[in-house]
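Visitor: Quick one, structure for this:
(one chain, ligands or ions: 1)
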Amino acid sequence: MKPIKAAVLGCGDRGNVYAGYALLHPEEMEIVAVADIDAVALKTTGDKYGIPDTLRFKDVDEFLAADVKCDTVINATMDGAHYYTAKKLIERGYDQLLEKPIVNNAEELEELKDLAEEKGVSLIVCHVLRYTPFYKYIKTLLNAGEIGRIFTMEMNEHVELVHFADSFVRGKWADERECGSGLLLQKCSHDLDLMCWLNNFTKPKAVSSFGSRAYFIPENAPEGATEFCYNCPNGKTCLYCAQKIHLDLDWFYFQTWRGIGKPLDEITREEKEEFLKTSDYGRCVYTLRRDLVDRQTVSVAFKDGSVCLFTVVGGCSSGGRFIHIVGSKGEISGKLEENKIKISRTVRKDGGFEKTTEIVDLSDKIPENSKHSNGDMSLMREYVRFLCGDRSSISLTTIDDSVSGHTCVYAAEKSRKEGKTVELEL
Ligand SMILES: NC(=O)c1ccc[n+]([C@@H]2O[C@H](COP(=O)([O-])OP(=O)(O)OC[C@H]3O[C@@H](n4cnc5c(N)ncnc54)[C@H](O)[C@@H]3O)[C@@H](O)[C@H]2O)c1
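Guide: Presented below is the predicted three-dimensional model:
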């Protein structure tokens, strides 16, 4: 097989994760062009993949003007840029792998879906969790009818406290007014997508949601807290001390230090210290006055009578995604990060009842250090095969099957903000 030729639009964290497949499997994929509005990101990624200057572009318009020949464009720009960039690429007939969230509202989603159909191009969304051994196995069980008809699905996402602070309190997704997407769309479009994809024997018909920002608010700041952490008297006790998290432990370095505007490995400790004195990454999490919720629940009623619940909460001691599905012939439950799936059933045996429990351990399917429990590289593997004509993936679906989850997110946000149940027309 000849390697497929891919261009990367948006050379940040995610763009580089997907592009990295070309380094692992050069016989399957080759990066032929890169584009980014940030000169540092463009240079770093361009150099990494040996891209000539003539195939490095500062934005999507410059990329399109050059009429680059490639099999796909990996669009990993930030949320607010998806609509403009994805539309331009579709109009020019490029197949596209687009990061989630697809776009920030239902109207734009409908427009892109229709446009992709009209132009006959594929628009595949990075629903990375669908490709993890954990959710894939659950989907295989459901497709085989192993637990019968789905009654309910309970799903939770616990976002660990440092992760939540770095991304959703201080970071680039912390404010819906700036980023265009709220917590549910940004973080949990994965979960609502999983809910709809796992239960795609039917369609969602109504959504209701509650949520609030009730922890990361000024009233909860510890006594004497200052605007920035560097001169705060609570530095030794506060769970969110920026100096501890970022300078001492260097957690989430790939997000935190981007704003310094230098390649990450060239940034000095002194530059980091100065950055934290003025950047949001160094501010008190309680007084930042951002607008994202820190907890939210979503209830979805499906047309076949199944009812599914999802809860997200930020600021947890440990992070993780949990699922429990109850069906007419049994139950499936587990935690993604543990990579174990429990299947319980009550069956009739010898005239009586017997309870059975089976644990399926998928740990050996997860290479060490893989992001998203091995979802990212599996996604790329199946995407490359899709471009070569293979239609056997259960995870990779057309944009039609991506719409339900995102539509539930938009409806849930409407429900939360307006305090009413939202009916869907899917
Ligand atoms: N699938 C997942 O699990 C997952 C995880 C994290 C983020 N994401 C999503 O992936 C996308 C990228 O996130 P990231 O963490 O890599 O962000 P990032 O900031 O690290 O990278 C985005 C890059 O896009 C560039 N960019 C922005 N607008 C552009 C434009 N108009 N044209 C060209 N380049 C542009 C930025 O300069 C930046 O280099 C976001 O939509 C984010 O929500 C998905």
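
Visitor: Quick one: residues contacting the residue of the chain found nearest the ligand.
Guide: With CB to the nearest ligand atom, the shortest gap between the chain and the ligand falls at G12, namely 1.8 Å. Yep, even glycine has a C-beta here, placed from its N, CA and C like the rest. With CB atoms under 8 Å, 6 or more residues apart in numbering as the criterion, the residues that contact G12 are 36, 38, 41, 76, 78, 258.

Visitor: Check the residues you listed one by one and keep those near the ligand.
Guide: Near the ligand, taking CB under 6 Å from any ligand atom as the test, the members of the contacts of G12 found are 36, 38, 41, 76, 78.

Visitor: what's the closest of those to V68?
Guide: For the ones next to the ligand among the contacts of G12, the residue nearest V68 by CB to CB is D36; the value is 14.5 Å.

Visitor: In contact with the closest one, which residues?
Guide: Contacts of D36 were listed using CB under 8 Å, 6+ apart, and they are 9-12, 15, 42, 45, 58.

Visitor: that older thread, which of the contacts of G12 count as buried?
Guide: A residue is treated as buried here by neighbour count (16 or more other CB atoms under 10 Å); on that basis the buried members of the contacts of G12 are 36, 41, 76, 78, 258.

Visitor: from the residues you listed, which two are the most distant?
Guide: A76 and R258 (13.9 Å).

Visitor: From what I see, K272 and W257 are in contact.
Guide: Yes - checked against CB atoms under 8 Å, the pair K272 and W257 is within contact range at 6.5 Å.

Visitor: you'd agree L23 is in a helix?
Guide: Yes - secondary structure assignment (DSSP: H, G, I helix; E, B strand; the rest coil) places L23 inside a helix.

Visitor: who in the stretch 1-150 of the chain is up against the ligand?
Guide: Of all the residues in the stretch 1-150 of the chain, those lying near the ligand are 9-15, 35-38, 41, 59-60, 76-79, 81, 85, 99-100, 126, 128, going by CB under 6 Å from any ligand atom.

Visitor: So which of those sit within helices?
Guide: Of the positions in these, 13-15, 41, 60, 85 sit in helices, assigned by DSSP state H.

Visitor: ok, so of these, who is nearest P26?
Guide: G15 (17.8 Å).

Visitor: how about that closest one, what does it touch?
Guide: Shown here is G15, whose contacts under the criterion CB under 8 Å, 6+ apart are 8-9, 36, 45, 74, 76.

Visitor: ok, L64 - contacts?
Guide: 88-89, 92.

Visitor: Apply 6 Å and report the result again.
Guide: With contact set as CB atoms under 6 Å, 6 or more residues apart in numbering, L64 has these partners: R92.

Visitor: Doesn't it belong to a helix?
Guide: Yes - using three-state DSSP, the assignment for L64 is a helix.

Visitor: what's the spacing between it and I124?
Guide: Relative to I124, L64 is positioned 20 Å away (criterion: CB to CB, to the nearest Å).

Visitor: on that earlier part again, and the furthest pair within the contacts of G12?
Guide: Distance extremes for these: the farthest pair is A76 and R258 at 13.9 Å, using CB to CB.

Visitor: Measure how buried E227 is and give me the count.
Guide: The burial metric for E227, expressed as a neighbour count using other CB atoms under 10 Å, is 12.

Visitor: From I51, how far out is it?
Guide: The span separating E227 from I51 equals 42 Å under the rule CB to CB.

Visitor: try R416
Guide: Noted for R416: a distance of 43 Å to I51, by CB to CB.

Visitor: what does stretch 168-177 rub up against?
Guide: Residues contacting stretch 168-177 (CB under 6 Å, 6+ apart): 167, 179, 182-183, 186, 216, 255, 280-281, 285, 290-292, 314.

Visitor: Give me the below-cutoff pLDDT ranges for the protein.
Guide: Screening the chain residue by residue with the criterion pLDDT under 70, one finds the ranges 366-373.

Visitor: C-terminal to the longest helix seen in it, what's the next element?
Guide: Ranked by residue count, the top helix of the chain under DSSP H comes out as helix 400-418. Of the helices and strands lying after helix 400-418 in sequence (DSSP states H and E), the nearest is strand 422-423.

Visitor: Out of the contacts of G12, which is nearest to K349?
Guide: Proximity of the contacts of G12 to K349 (CB to CB) peaks at A76, which lies at 52.3 Å.

Visitor: Tell me if I'm right that the closest one and K100 touch.
Guide: No - proximity of A76 to K100 does not meet the contact threshold set by CB atoms under 6 Å, at 10.3 Å.

Visitor: Output stretch 394-402 in CSV with nothing but the alpha carbons.
Guide: Once side chains and other backbone atoms are set aside, the C-alpha atoms of stretch 394-402 remain, and they are given as CSV (Å, rounded to 0.1, in the frame of the first residue of the first chain):
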residue,chain,number,x,y,z
ILE,A,394,-17.4,-0.1,13.8
SER,A,395,-15.9,3.1,15.4
LEU,A,396,-15.4,5.1,12.3
THR,A,397,-18.7,6.4,10.9
THR,A,398,-19.7,9.1,8.6
ILE,A,399,-20.7,12.5,9.8
ASP,A,400,-24.3,11.4,10.0
ASP,A,401,-23.5,9.2,13.0
SER,A,402,-21.6,12.1,14.7
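
Visitor: so which of the contacts of stretch 168-177 also contact the ligand?
Guide: Filtering the contacts of stretch 168-177 for proximity to the ligand (criterion: CB under 6 Å from any ligand atom) leaves Q186.

Visitor: In the contacts of stretch 168-177, find the pair that's most separated.
Guide: When CB to CB is used, the two most widely separated members of the contacts of stretch 168-177 are G182 and Y281, lying 20.3 Å apart.

Visitor: Run through the bridge partners of G352.
Guide: Under DSSP bridges, the beta-bridge partners of G352 are K349.

Visitor: Please disregard the earlier target; I meant I325.
Guide: Residues in beta-bridge contact with I325 (DSSP bridges): M153, I332.

Visitor: Pull the number of nearby residues for it.
Guide: A count of nearby residues for I325, using other CB under 10 Å, gives 25.

Visitor: Could you do V307 as well?
Guide: There are 14 residues near V307, going by other CB under 10 Å.

Visitor: Please enumerate the strands of the stretch 201-350 of the chain.
Guide: Across the stretch 201-350 of the chain, reading from the start of the chain, the strands by DSSP state E, counting those that start in this stretch fall at 204-212, 295-302, 307-316, 320-327, 330-335, 340-349.
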